[in-house]
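A.B. asks: Predicted coordinates and the sequence they were generated for:
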Amino acid sequence: MSEGLFRRVLVIGTGLMGTSTALALHRSGAEVLLEDLDAGNLRVAVSLGAGTPFSGASPDPEPDLVVVGVPPAVLGNVVADALERFPTSPVTDVGSVKAAALADVERLAPDAVERYVGSHPMAGSEQSGPLAARADIFDGRAWAITPHPRSRDDAIAVVEQLARTCGAFPVRLSPSEHDEAVALVSHVPQVAASVVAGLLTTAAEGHLMLAGQGIRDVTRIAAGDPKLWTQILSANATPVARLLHEAASDLQRFALTLEKLEPEELRDALERGGTGVRRLPGKHGARQESFTSIPVLLQDQPGELARLFADVGGAGVNIEDVRMDHSPGTPAGLVELAVHDDAVPALLAALERHGWTVHG
């Protein structure tokens with residue numbers, strides 16, 4: 001492999017993460033080969049321009065890297081098989097849990113495990129399958145690299161280059177550190193979202209008409225694939241269960257505080273949540289910045305969002321984040337544009353100049 005460049009990469013598994021990885025690699029100019037037992041997913045990935053189907057015959061030369069993107073229940077088996085089929089290629093995966101996969105690979109391919117380096121791009125969607133894949137899904141996102149004690153240095157370097165090639169920044173962790181981290185920042189939030197969303201199943205329809213962006217933010221990821229999440233949570237059960245017990249204790253204390261009507265304790269608990277949010281990193285892993293959100297009324301008609309972005313961009317204002325809040329029963333909604341504080345005057349002037357209504 002030339003310095004910093006992939007010539008040929010094999011991606012096994014053409015779901016959301018595998019196809020997105022393939023699209024990002026194809027964007028960089030690499031030849032991407034695709035393999036999947038699901039013929040339908042493979043056809044979709046090929047039609048999206050992610051790569052070409054792998055014939056099964058050993059390519060010459062072997063791939064610079066094999067990337068495995070299959071469900072957690074079979075991840076270790078497929079990685080071990082790839083190590084056997086391609087005896088000189090480094091192999092990585094894009095799975096959500098690392099320790100369980102490594103244990104399977106060590107058991108099934110002990111003589112080749114030094115070429116395996118686990119990885120996990122911290123990006124995705126509540127949607128699944130290749131149709132949800134995007135070449136830019138990893139841009140500016142963290143990509144965990146999880147070498148084990150026997151991982152070869154050159155294999156680690158290749159996997160870190162994969163992250164950079166796909167637009168992400170590599171973060172090195174041990175497999176167990178990774179699993180502890182994702183239990184907190186990914187798996188427990190998934191469970192919490194599912195629990196809160198489950199409360200909506202018994203709510204009166206009239207009550208749901210009051211639903212705003214808050215409940216949508218909290219429950220969005222609950223729409224994820226239950227079959228896939230059952231595998232993920234089962235593979236990382238111990239750290240997730242421990243954190244859920246901790247969260248349950250906090251919720252119990254919160255409930256008792258409400259029952260006793262103790263405002264100071266209630267405020268302390270809410271402030272602790274705010275402190276936690278402020279600890280989250282901002283864009284590209286940097287320290288989180290404070291932005292000002294400007295709510296703009298948006299009519300529900302084709303091209304309005306594109307026109308808004310064009311007007312803002314034409315004024316030289318960079319939009320740092322966007323949130324949309326739909327208005328039930330009306331053909332309009334609010335778009336919150338988050339910008340740096342010093343960009344607010346220019347943004348407001350551009351909105352007024354182009355006839356946009358700023359709400360509030």
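C.D. replies: Arrived safely, thanks for sending.
A.B. asks: need the contact list for residue 84.
C.D. replies: When contacts are counted by Cβ atoms under 8 Å, 6 or more residues apart in numbering, residue 84 touches 109, 112. For the C-beta atoms, the positions are set from N, CA and C on the backbone; glycine is no exception.
A.B. asks: That one: which element?
C.D. replies: Residue 84 belongs to helix 75-85 when elements are defined using DSSP states H and E.
A.B. asks: next helix or strand past that helix?
C.D. replies: Beyond helix 75-85 in the direction of the C-terminus, DSSP H and E gives the next helix or strand as strand 91-93.
A.B. asks: List the buried residues in that following strand.
C.D. replies: Burial within strand 91-93, assessed by neighbour count using 16 or more other Cβ atoms under 10 Å, is assigned to 91, 92, 93.
A.B. asks: elements contacting it?
C.D. replies: If you count contacts as 3 or more Cβ pairs under 8 Å, 6 or more residues apart in numbering; DSSP states H and E, strand 91-93 packs onto strand 65-68, helix 75-85, strand 118-121.
A.B. asks: State the next helix or strand along the chain beyond it.
C.D. replies: On the C-terminal side of strand 91-93, the nearest following helix or strand under DSSP H and E is helix 99-108.
A.B. asks: Now that following helix: buried residues?
C.D. replies: By 16+ other Cβ under 10 Å, the buried positions in helix 99-108 come out as 99, 100, 101, 102, 104, 105, 108.
A.B. asks: pLDDT averaged over that helix, what's the number?
C.D. replies: If you average the pLDDT over helix 99-108, you get 97.
A.B. asks: Please name every helix or strand in contact with it.
C.D. replies: helix 75-85, helix 175-182.
A.B. asks: what does the last one contact?
C.D. replies: By that I understand helix 175-182. Counting contacts by Cβ under 8 Å, 6+ apart, the residues touching helix 175-182 from outside are 96-99, 102, 118, 120, 144, 146, 148, 173, 236, 239.
A.B. asks: Turn the residues you listed into a markdown table, columns for distance to residue 73.
C.D. replies: Supplementary listing: these in a markdown table, determined by distance: Cβ to Cβ, whole Å:
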| residue | distance to residue 73 |
| --- | --- |
| 96 | 12 |
| 97 | 11 |
| 98 | 15 |
| 99 | 15 |
| 102 | 15 |
| 118 | 16 |
| 120 | 16 |
| 144 | 20 |
| 146 | 19 |
| 148 | 21 |
| 173 | 23 |
| 236 | 13 |
| 239 | 19 |
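A.B. asks: Who wins on neighbours among the residues you listed?
C.D. replies: Highest neighbour count within the contacts of helix 175-182, by other Cβ atoms under 10 Å: residue 118, with 29 neighbours.
A.B. asks: How about the contacts made by it?
C.D. replies: The neighbours of residue 118, taking Cβ under 8 Å, 6+ apart as the test, are 92, 93, 95, 98, 101, 102, 145, 146, 147, 148, 175, 178.
A.B. asks: run the last query once more with 10 Å
C.D. replies: For residue 118, the set of contacting residues under the criterion of Cβ atoms under 10 Å, 6 or more residues apart in numbering consists of 68, 75, 79, 91-95, 97-99, 101-102, 105, 144-148, 151, 159, 173-175, 178.
A.B. asks: give me the beta-bridge partners of it?
C.D. replies: In this entry, residue 118 is beta-bridged to residue 146, by DSSP bridges.
A.B. asks: Against residue 86, how distant is it?
C.D. replies: From residue 118 over to residue 86 the distance is 17 Å, taken as Cβ to Cβ, to the nearest Å.
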